[in-house]
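>>> Below is the structure, and that's it, no one-letter string:
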């Protein structure tokens, strides 16, 4: 039998999502339409956009320098003249510090998610597709890392390596990598056993076209949805590490660190110290709402 | 049943070994020379070598690991560098306090989580479901250390009802419980959200199955249907409970720090900042071992509830 060049035929048999039949309107268009009808997800998306913009343009938006303050203006209340969100224990403007703090927190939380998603998907798909010894090695190592509760693992690695943004990124990447590998491997094994993959293989498609055109389109959606559920945890952990003094080092502004240094001031001014935590909470909630909306729109169950 | 337990136990051993290897490596990767902490600054090279030899630090790493493992299996976790006390002794008290906190906050998370999750599933799509979903997503999104600080602001600073921090200074059950209320609530919020969500979705899955329709057609009353549904959803609920208990045990570092609760998390925090590596190793090893055994227990319980899991 003549083997047909897969680059010509493969896109033609490229399946849409598992539960959806291909053909117009496309799967992704349907997802978009469902998202557009979901006001909660849209609002969360808009809020995330605003947070992202305020983080990117923090130097332009912040009314004061985030690291210098005036001792005479310590712990001004919310609504104080010139300082709409008050000042911290060193008299630094809270609004400016929250704007700059968002940059650090988002950087420290999102980088590990991206790293873990890229490498975790690759390792999980390879393990799931090839199976055998490679699968055993990758999955056993993941199992061992998964044997630690997430927060404990993050704190243990950061604690051993010492404080600093770099070490936070390393420890959080190690926390999320095995989780994503496990999901990627599971969906790859599941998809590999479906009939259209056997059909493609029987049709003479090589390993790369099968992965590229048959596996990837079907496994990426569940992996991405799972990854999106982890962002909120990453934010809580990243800020949590700085809260413990293991993340970003002072005098830099970072939400977890701000919460920690302001913690002693609750007896003087109760509500200003609560602000950085509120910021962490809002962003974490926004990511959870987005992830829920995305999962519903993609009709996936994770 | 015995064979299931045996097989799962066998599968757990490599995981525990791997975990011990990671804990060992983690400390070896840590910056800073462990000897320099022990020695006076003016110690000569010969003295340093002698101490290294006496501690076995001149041996190859695999040998050091095996020696370390051997000592651990004999229940010796080494001595804390700061206090010179055996790590096992420090850990014992801390573990009791952490377990008490984890149990209390588990109860606070599990009971309302089960009720809310079931309620939302049975009233799917209605206003109750919407409210419960909002509560659940707030729970899973809340940074628990911030929740702890808010609780202190409201209940200690503003209202003055409950102590803000510290372990119980005076003996007795009541002071102990009073100190435990706020940390337990703070630690319960995330698990409450997670459990509510998992129970809701598990119950919805079961409700969609045909046997439930059969039960209804048979004219079974609501209570009996709830019982059937709950039994069928229990493996999933058990899994999430196990994971969340692990979170409450291992993840209590942040909450214990906020409240200065004298548990393992607080001890871990001290170990990190005094760079007390034997203490750090001991705490993480013990907590991760407990987490692995907890998951083992959940696996076995699942098998007892649902024999289909054993067969597959």
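Now that the structure is in, tell me what you want to look at. For clarity, every value in this text was computed on a predicted model and none was experimentally measured.
>>> So which bits of the stretch 51-200 of chain B are right by chain A?
B:137-138, B:140-146, B:149-150, B:152-153, B:157-158 (CB under 8 Å from any CB of the partner chain). For the C-beta atoms, the positions are set from N, CA and C on the backbone; glycine is no exception.
>>> filter these to the buried ones?
Using 16 or more other CB atoms under 10 Å in any protein chain shown as the burial test, these include B:137, B:140, B:141, B:142, B:143, B:144, B:145, B:146, B:149, B:150, B:152, B:153 as buried.
>>> Pull the most distant pair out of those.
Greatest spatial distance in those: B:137 and B:152, 24.1 Å, computed using CB to CB.
>>> which two in the residues of the stretch 51-200 of chain B next to chain A are spaced the farthest apart?
Going by CB to CB, the pair spanning these furthest: B:137 and B:157, at 28.0 Å.
>>> Can you tell me which of the residues of the stretch 51-200 of chain B next to chain A end up in helices?
Applying DSSP state H to those, the entries found in helices are B:137, B:138, B:140, B:141, B:144, B:145, B:146, B:149, B:150.
>>> got a pLDDT number for residue B:187?
Note for residue B:187: predicted pLDDT of 91.
>>> and it, what helix or strand is that in?
helix B:173-207 (DSSP states H and E).
>>> I'd like to check the angle between that helix and helix B:144-151, please.
With axes from the mean of the first three to the mean of the last three CA atoms, to 10 degrees applied, the angle from helix B:173-207 to helix B:144-151 works out at 130 degrees.
>>> Who are the packing partners of helix B:173-207?
Counting contacts by 3 or more CB pairs under 8 Å, 6 or more residues apart in numbering or on different chains; DSSP states H and E, helix B:173-207 is packed against helix B:87-122, helix B:127-141, helix B:144-151, helix B:222-250, helix B:253-259.
>>> Tell me where chain A has strands.
Counting by DSSP state E, chain A has no strands at all.
>>> centroid residue for chain A?
residue A:231 (3.1 Å; CA atoms, centre = their mean).
>>> For it, which residues are in contact?
With contact taken as CB atoms under 8 Å, 6 or more residues apart in numbering or on different chains, residue A:231 is in contact with A:109, A:110, A:113, A:287, A:291.
>>> quick one: the second one and residue A:234 touch, right?
Yes - Residue A:110 is in contact with residue A:234 according to CB atoms under 8 Å; the separation is 7.2 Å.
>>> which of those two has more neighbours?
Taking other CB atoms under 10 Å in any protein chain shown, residue A:110 and residue A:234 do not tie; residue A:234 has more neighbours (26 against 17).
>>> And the pLDDT for residue B:170?
pLDDT, residue B:170: 59.
>>> which helices and strands does the longest helix along chain A pack with?
Counting by DSSP H, the longest helix found in chain A is helix A:94-130. Applying 3+ CB pairs under 8 Å, 6+ apart, one finds that helix A:94-130 contacts helix A:39-56, helix A:58-61, helix A:132-146, helix A:165-192, helix A:216-243, helix A:255-262, helix A:275-297.
>>> how does it look with 6 Å?
helix A:39-56, helix A:58-61, helix A:132-146, helix A:165-192, helix A:216-243, helix A:255-262 (3 or more CB pairs under 6 Å, 6 or more residues apart in numbering or on different chains; DSSP states H and E).
>>> of all these, which lies closest to residue B:191?
helix A:216-243 (12.9 Å).
>>> Residue B:292 versus the residue nearest to residue A:150 when sequence neighbours are not counted, what's the distance?
Distances taken as CB to CB, 6 or more residues apart in numbering or on different chains place residue A:175 nearest to residue A:150, at 5.2 Å, with adjacent residues excluded. To residue B:292, residue A:175 is 17 Å away according to CB to CB, to the nearest Å.
>>> Show me the shaky parts of the chain.
Since no chain was named, I'll use chain A. Filtered on pLDDT under 70, chain A yields the residue ranges A:1-24, A:300-302.
>>> Oops, wrong one, chain B.
If you take pLDDT under 70 as the line, chain B has these spans: B:1-2, B:32-41, B:43, B:55-56, B:165-171, B:309-312.
>>> burial measure for residue 187, as a count.
Chain wasn't specified; assuming chain A. Neighbour tally, residue A:187, other CB under 10 Å: 25.
>>> oops, chain B please
33.
>>> in the stretch 51-200 of chain B, what residue is nearest chain A?
residue B:146 (2.9 Å; CB to the nearest CB).
>>> That residue contacts residue A:276, correct?
No - counting by CB atoms under 6 Å, residue B:146 stays clear of residue A:276, with 8.0 Å between them.
>>> residue contacts, residue 45?
All of this is about chain A. By CB atoms under 6 Å, 6 or more residues apart in numbering or on different chains, the contact set of residue A:45 is empty.
>>> Could you measure from it over to chain B?
15 Å (CB to the nearest CB, to the nearest Å).
>>> Please tell me how far that residue sits from residue B:175.
In terms of CB to CB, residue A:45 sits 48 Å off from residue B:175.
>>> and what of residue A:151?
Taking CB to CB, one finds residue A:151 at 28 Å from residue B:175.
>>> For those two, indicate the residue with more neighbours.
Remark: of residue A:151 and residue B:175, residue A:151 carries more neighbours, 24 against 14, as counted by other CB under 10 Å.
>>> number of nearby residues for the nearest residue to that one once chain neighbours are set aside?
Using CB to CB, 6+ apart and skipping the chain neighbours, the partner closest in space to residue A:151 is residue B:251 (3.6 Å). Residue B:251 has 28 neighbouring residues, counting by other CB under 10 Å.
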